[in-house]
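> next one to model:
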Amino acid sequence: MSRTDCWVTNVVNQKDPKAEVKRLKIGPELTMHKITCTIDRENMISKMRELRGVITKVTREGKKSIWAEGVSCTACKFVANSDMAVLSNKAADREHILYRVLVSSKRKLDVILKDMEKNDLEPRLISLEEGSKLTLTDREREILLISLKKGYFEPDRQTSMKEVAEGLGVSTSSLRDVLRRGLKKIVKNYFDNNL
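Down below sits the predicted model:
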């Protein structure tokens, strides 16, 4: 996906082009980034703090990292408002982001890709894995996607398991079981395909 309006990525590329940028929490208004620096991070922090109108929070994390929350770029706004779950992401360069996503169907993916093109995001599909390899049931997929969209998996836990269960009309223990089974399949699939 292509875009040039990410303030955080632009500062990183200006100050430390070899740094790694990941999006931790993608939102329609604000996105939290984790930057792993390859050089001294203090200049980058100073530059980000100068841009308070568009970069709202800057925090040191460990010895080499920065967490920076900024106004969402066009790509992050699109992702936050779409029907896909982001499994991983990485800034490839100043203009391109690589996303690994989960969608409910091939047809849904085609719609999302067309919408990206309409929004001038220049999507490029690098690879496609059929969902049958993952073997999530429709119910597991539905519950995982709803839980993700409601913020259950966020670090600040925007919603509780009880609230998600009530919204779905199921018991907390039933939700916990479905989440555990679905997450086990996703984690197993990840390690089978990435190690």
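> any idea how many residues pack against residue 126?
Residue 126 has 8 neighbours, counted by other Cβ atoms under 10 Å. All C-beta spots, glycine's among them, are computed from the backbone N, C-alpha and C.
> and for residue 116?
Neighbour tally, residue 116, other Cβ under 10 Å: 20.
> residue 86 now?
Using other Cβ under 10 Å, residue 86 has 16 other residues around it.
> what residues are bridge-paired with it?
residue 101 (DSSP bridges).
> residue contacts, it?
Listed by Cβ atoms under 8 Å, 6 or more residues apart in numbering, the contact partners of residue 86 are 23, 26, 79, 99, 100, 101.
> hang on, isn't the fourth one packed against residue 91?
No. Taking contacts as Cβ atoms under 8 Å, residue 99 lies outside contact range of residue 91: 10.6 Å.
> quick one: which of these two has more around it?
Between residue 99 and residue 91, residue 91 has the larger neighbour count (other Cβ under 10 Å), namely 21 against 17.
> check which helices and strands the longest helix belonging to the chain sits against.
Determined from DSSP state H, the single longest helix within the chain is helix 172-194. Helices and strands touching helix 172-194, by 3 or more Cβ pairs under 8 Å, 6 or more residues apart in numbering; DSSP states H and E, are helix 131-134, helix 138-149, helix 161-168.
> just the ones you listed: most buried one?
Highest mean neighbour count among the helices and strands packed on helix 172-194 (mean count of other Cβ atoms under 10 Å): helix 138-149, with a mean of 17.
> what's that helix packed up against?
Other helices and strands packing on helix 138-149, by 3+ Cβ pairs under 8 Å, 6+ apart, are strand 85-91, helix 161-168, helix 172-194.
> what angle do it and strand 85-91 make?
50 degrees (axes from the mean of the first three to the mean of the last three Cα atoms, to 10 degrees).
> next, count neighbours for the nearest residue to residue 87 once chain neighbours are set aside.
In this structure, residue 87 finds its nearest non-sequential neighbour in residue 100, 4.5 Å apart by Cβ to Cβ, 6 or more residues apart in numbering. As a burial measure, residue 100 scores 15 neighbours (other Cβ under 10 Å).
> with residue 136 instead?
21.
> so residue 93, which of the three states?
Of the three states, residue 93 takes coil under DSSP: H, G, I helix; E, B strand; the rest coil.
> residue 76 against residue 23, yeah?
Yes. Here residue 76 reaches residue 23: they are 6.5 Å apart, a contact under Cβ under 8 Å.
> shared neighbours of the two, which are they?
residue 31.
> now the chain, which segments are flagged as low pLDDT?
Segments of the chain classed as low confidence (criterion: pLDDT under 70) are 130-134, 193-195.
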